[in-house]
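Q: What follows is a predicted protein model with its sequence.
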Amino acid sequence: MNNLLKKIDYNNIPNHVAIIMDGNGRWAKKRGKLRSFGYEKSIQSIIDSLNACQELGISYITLYVFSYENWNRPKQEIDNLMDLFYKNFDNSLEEVNKKKLKILVIGDIHKLSRLIQKKLIYFMDKTKHNKSGTLILAISYGAREEILRATKNIAEKIIKGKGKYSIKDINYSFFQNHLYTKNIPDVDLIIRTSGELRISNFLLWQSAYAEFYFTDILWPDFRKKDFFEAIINFQKRKRRFGKI
Ligand code: IPE
Ligand code: IPE
Ligand code: MG
């Protein structure tokens, strides 16, 4: 681990890392267990990643917890996942407060149960003064849904705004301010586990110039050292942003 840390350039730490935590079901299946076993085992990988962020001084981390399209999974699987979220809320809040992280939930949370919605709102409220970093939880999140929602809100503002806004006001920052991630900087690095090479409707607007890191490791096996490997790989990239 120390050898890995030595390879890290502390002057080139990504500001915002986002993770597609994939491969939990397959991890469990490989062991002859129910998919939900994989979800339970995914908690340690989250803790490891948050610890790595803290050690490196990463300010923003977004975790893809449950996608908009995941609502199309069998009811039993969704129920298991929701039970797991609910069961882990109190411990997670403690952990997050210990790390002085602020929580922001992004996604269409109205599709979640009232109980879970209330917990998430409580979570955001209880951590709103924390200053060490921001943990963004993408729950019931889909980037296309987010973009459509922003578009509708902007249209409504212009139509009902009694002349306060016009089409000329729509620029990048105006649009960005209507996304769930308003005030959150663009993503620098997206990590996806489990060997899948796709974005699955995650942060489409925010990842316009993100670097991607794909690994075959299944999420429940992902540890701090793997996070460091991703950062080292990111630091080898030459980011041009369209310039030469
Ligand atoms: C990702 O793991 C987490 C959620 C979608 C909640 P999966 O459940 O997609 O695991 P695999 O990809 O089937 O192995
Ligand atoms: C993306 O994983 C969503 C989360 C990790 C929460 P999926 O497993 O749902 O993605 P696809 O269906 O393989 O693209
Ligand atoms: Mg998957």
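A: Received it, and whenever you're ready, just let me know what you need. Ligands and ions are numbered 1, 2, ... in the order given.

Q: How many residues are close by the nearest residue to Gly23 once chain neighbours are set aside?
A: Once flanking residues are discounted, Gly23 sits nearest to Ser194: 2.8 Å by Cβ to Cβ, 6 or more residues apart in numbering. The C-beta positions use only the backbone N, C-alpha and C, and glycine is treated the same way. Neighbour count for Ser194, taken as other Cβ atoms under 10 Å: 20.

Q: Over to Arg26?
A: Look at Arg26: counted by other Cβ under 10 Å, it has 16 neighbours.

Q: So it sits against Ile217, correct?
A: No - using Cβ atoms under 8 Å, Arg26 is not in contact with Ile217; the gap is 11.3 Å.

Q: who touches both of those two?
A: Taking Cβ atoms under 8 Å, 6 or more residues apart in numbering as the contact rule, Arg26 and Ile217 both touch Ser194.

Q: is it true that Gln10 lies in a strand?
A: Careful, residue 10 is Tyr; it's not Gln. No - Tyr10 is assigned coil when assessed by DSSP: H, G, I helix; E, B strand; the rest coil, not a strand.

Q: Show me what counts as buried in the one helix or strand Phe37 maps to.
A: Using DSSP states H and E, Phe37 maps to helix 35-56. For helix 35-56, burial by neighbour count (16 or more other Cβ atoms under 10 Å) applies to 35-42, 45-50, 52-53, 56.

Q: Return the alpha-carbon coordinates of that helix using PDB.
A: Presented in PDB, the C-alpha positions along helix 35-56 are these (Å, rounded to 0.1, in the frame of the first residue of the first chain):
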ATOM      1  CA  ARG A  35     -27.800 -11.300  -5.000                       C
ATOM      2  CA  SER A  36     -28.600  -9.500  -1.800                       C
ATOM      3  CA  PHE A  37     -25.500 -11.000  -0.200                       C
ATOM      4  CA  GLY A  38     -23.400  -9.000  -2.700                       C
ATOM      5  CA  TYR A  39     -25.200  -5.800  -1.700                       C
ATOM      6  CA  GLU A  40     -24.400  -6.400   2.000                       C
ATOM      7  CA  LYS A  41     -20.800  -7.000   1.100                       C
ATOM      8  CA  SER A  42     -20.700  -3.800  -0.900                       C
ATOM      9  CA  ILE A  43     -20.700  -1.600   2.200                       C
ATOM     10  CA  GLN A  44     -17.000  -2.200   3.100                       C
ATOM     11  CA  SER A  45     -16.100  -1.200  -0.500                       C
ATOM     12  CA  ILE A  46     -17.900   2.100   0.100                       C
ATOM     13  CA  ILE A  47     -16.100   2.700   3.400                       C
ATOM     14  CA  ASP A  48     -12.800   1.900   1.800                       C
ATOM     15  CA  SER A  49     -13.400   4.400  -1.000                       C
ATOM     16  CA  LEU A  50     -14.500   7.100   1.400                       C
ATOM     17  CA  ASN A  51     -11.400   6.500   3.400                       C
ATOM     18  CA  ALA A  52      -9.200   6.700   0.300                       C
ATOM     19  CA  CYS A  53     -10.900  10.000  -0.700                       C
ATOM     20  CA  GLN A  54     -10.200  11.400   2.800                       C
ATOM     21  CA  GLU A  55      -6.600  10.400   2.700                       C
ATOM     22  CA  LEU A  56      -6.100  11.900  -0.700                       C
END
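
Q: Good, wrapping up.
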